[in-house]
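In: Quick check, what structure comes out for this input:
(chains A and B)
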Amino acid sequence: MKIVGRHDEAPGVKTLRLEFQDQEDHEQFKKTFRTGMFGLYGVYGEGESTFCVASPETRNEYIECTFRQSGRVTSALANADIGDLITFRGPYGNRFPIENFQGKNLLFVSGGIALPPTRSVIWSCLDQREKFGKVTIVYGARTVADLVYKHELEEWQDRADVDLVLTVDPGGESPDWKNKVGFVPTVLEDVAPSPENCIAVICGPPIMIKFTLISLKKLGFDETNVYTTLENRMKCGVGKCGRCNVGSVYVCKEGPVFTAAEVSSMPAADL
Amino acid sequence: MTRILFSDKLDNCVTRWQSAGFSVIGPVTKDTFSSYAAVEHASDFDLGIVLPDRSLKELFFPQTEPMLRYTIKQQAINTEDFTPPSGKRLIFGVRPCDAAGLSIDDPLFGWDYKDEYWFQRRNDSVIVTIACTKSDDFCLCTSLKLAPDTTNGSDILLRPLENNKGWQVEELTDRGREAFLTIAEFLQEGSEPAAPMAVVPEMFDLDTCVAWLQNPENFESKFWKDISMRCIGCGSCTYLCPTCHCFDIQDEGDTYSGIRRKNWDSCSFALFTMHTSGHNPRSTQSARWRQRIMHKFNYFPGKFSVNSCSGCGRCSRQCPVDMGITETLQKISTLHS
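Out: Okay, here's the model as predicted:
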């Protein structure tokens, strides 16, 4: 894949836009990719890392990935330039069944670097806006600087057909911060979206997911209407290397997308 | 009357197999350490040991193995897949538990993406197993509902004669039959009785253990902390295990050329599941030991209808802190689920 775009999202967080070099691979990707799936992005000599496909299924001319520079592979990806070639293996895993979300209100709840998988679903739905009801997005990060896709957040904020609620953790606000201050689950309870005819898609660090599930339950959401994605560490992506499983579930094959009902049947201590 | 292979003809057989194109492999002791390795003569075999220190797994799923080679020249990336070394192999003197280990891992390597490395080697290998007439305190095949003469994964089963002068030959597969056709002239019809099988006492009731493991309430039982307190997370049990199959993928090289490799990994290691953020779903040694036991006796059989343990006992036999599957399951079988 060729890097055709590169964007700094937040300190240490970058987005790369990638284009296929091989027509056949691209056709195959277009046929199989649905929002929620993931891939293994790699640089020869450094290795491969697993991230979601952050771009929506409605825009499959390219792939976007957003990642935090942290280890060997992500450093190599962060240092790669426009025009450089990197590898992509995928798309793997299951998807968000957005055709079943049609006619329903959508609630997206996301924290920090977990906006990328949520954003893929958000755009997949916004690109066919007329098929869905009310769209509410609750997104929080540790600090104002850590919010990713700032340009897109502005765009959503300006749209009349999207309700965007932004928050930062206490202490993470800047002097000119006009949005909320507080942890995502608390803010979500303040916003109190109605569970009526509503699908919730949540993604965040494990601790956020844990408390957001509790908040959604309080708000009256049925576990089968709540979707999340479990992005565990992976190496092979094809159900063999043995590290991504939570209980008996292989996240790479049976996930990464699960309903809250499925998550509650997994051993909580292993999440 | 059964067909007999007498020990004094074994060297003729080895030579014949070699001239038929087989690389002949078997249990070999070097210094104080035993493994399945290539031999030149039958005298190189060490058939007197209970079982080799290292399992048969590494001949099918090596500790490290190249997957592809890459070269990068002025922005152009060239990759070349490694094909697994092919060539017929005859593995003689395999223990039934090691052979069973192969058949346990077949469905894992075959679901979703079919691992060509594994299956190429499986197709290229004839497994000639010798039933066990002796065992040690660590053997636990009978506790796993297997036996000292289990035939799973074997192409030929040899039963040692009572007089210790050879083996009764049982052909189990076409592949085994073909390999033994080449040595037909060295086999004799005979009525020598087979030696009694090793007596391996059942050390726990597997069904009781599985029921306990399947009860979600026991997932966070204090038992896990207690039993794994002395585990040092060295990973020996997983590396010596004939069925443990977890691996890592790493690049070895620089910006211009190198090799992508598949290496053994272990669920005993903290880094195995550590997220970039620092969050670790299995953050304690007890969670990792629980994972190993659960995977072998609850998750894996749930997916592939077979326990991921063939009862060789290496995990207990060679654990530096004297833990192992046997002790854990023995204790579980006494708990009330």
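
In: Find the residue at the geometric middle of the chain.
Out: Let's take chain A. Using CA atoms, centre = their mean, the residue of chain A that lies closest to the mean C-alpha position is residue A:117, 1.5 Å off.

In: that's the other chain; I wanted chain B
Out: For chain B, the residue nearest the mean C-alpha position is residue B:242 (2.1 Å; CA atoms, centre = their mean).

In: Quick one: name the residues of the stretch 101-250 of chain B near chain A.
Out: Those residues of the stretch 101-250 of chain B that sit near chain A, judged by CB under 8 Å from any CB of the partner chain, are B:108-109, B:111-113, B:115, B:216, B:219-220, B:245-250. Backbone N, C-alpha and C define where each C-beta goes, glycine included.

In: mind listing what's buried in stretch B:131-141?
Out: For stretch B:131-141, the neighbour count (16 or more other CB atoms under 10 Å in any protein chain shown) marks B:131, B:132, B:133, B:134, B:135, B:138, B:139, B:140, B:141 as buried.

In: farthest-separated two in these?
Out: Across those, no pair lies farther apart than B:131 and B:138, at 18.0 Å, counting by CB to CB.

In: And for stretch A:2-18, what's in contact with it?
Out: The contact list for stretch A:2-18, computed with CB atoms under 8 Å, 6 or more residues apart in numbering or on different chains, reads A:1, A:19, A:21, A:54-55, A:62-70, A:77-78, A:80-86, A:88, A:113, A:116, A:141, A:145-150.

In: Show me where chain A has its helices.
Out: Here chain A has its helices, by DSSP state H, at A:23-32, A:72-79, A:115-126, A:150-158, A:184-191, A:206-219, A:251-254, A:260-264.

In: Out of those, which one sits most buried?
Out: helix A:115-126 (a mean of 25; mean count of other CB atoms under 10 Å in any protein chain shown).

In: looking at it, residue B:292 is touching residue B:233, isn't it?
Out: No. Using CB atoms under 8 Å, residue B:292 makes no contact with residue B:233, being 10.9 Å away.

In: ok, and the closest non-adjacent residue to residue B:50?
Out: Excluding its sequence neighbours, the residue lying closest to residue B:50 (CB to CB, 6 or more residues apart in numbering or on different chains) is residue B:136, at 5.0 Å.

In: What strands flank the strand or helix carrying residue B:248, and is each parallel or antiparallel?
Out: Using DSSP states H and E, residue B:248 sits within strand B:247-253. Here strand B:247-253 is paired, per DSSP bridges, with strand B:257-264 (antiparallel).

In: Let me know the secondary structure of the closest residue to residue B:188 other than its chain neighbours.
Out: Distances taken as CB to CB, 6+ apart put residue B:4 closest to residue B:188, at 5.1 Å, once the chain neighbours are dropped. Put simply, residue B:4 is strand when judged by DSSP: H, G, I helix; E, B strand; the rest coil.

In: Identify the bridge partners of residue B:4.
Out: Residues in beta-bridge contact with residue B:4 (DSSP bridges): residue B:168, residue B:188.

In: Now do it, the pLDDT please.
Out: Looking at residue B:4, its pLDDT stands at 96.

In: Check residue A:153 too.
Out: For residue A:153, the pLDDT comes out at 96.

In: any idea how far it is from residue A:162?
Out: Distance, residue A:153 to residue A:162, using CB to CB, to the nearest Å: 10 Å.

In: Likewise for residue A:94?
Out: 26 Å.

In: where in chain B is pLDDT low?
Out: Residues of chain B meeting the criterion pLDDT under 70: B:337.

In: so what's the closest residue to chain A within it up against?
Out: Residue nearest to chain A within chain B (CB to the nearest CB): residue B:246, separated by 3.5 Å. Going by CB under 8 Å, 6+ apart, residue B:246 touches A:241, A:242, A:243, B:238, B:264, B:265, B:266, B:267, B:272.

In: 10 Å - rerun?
Out: Counting by CB atoms under 10 Å, 6 or more residues apart in numbering or on different chains, residue B:246 makes contact with A:235-236, A:240-243, B:235, B:238, B:264-269, B:272, B:292, B:295.

In: Please name the spatially closest residue to it (chain neighbours excluded).
Out: Leaving aside its sequence neighbours, residue B:246 sits nearest to residue A:242 (CB to CB, 6+ apart; 3.5 Å).

In: What count of nearby residues applies to the one you found?
Out: When neighbours are defined as other CB atoms under 10 Å in any protein chain shown, residue A:242 has 24 of them.

In: quick one: the closest residue to residue B:147 other than its chain neighbours from residue B:97, how far?
Out: Leaving out its chain neighbours, the residue that sits closest to residue B:147 by CB to CB, 6+ apart is residue B:141, at 6.1 Å. Computed as CB to CB, the residue B:141 to residue B:97 distance reads 5 Å.
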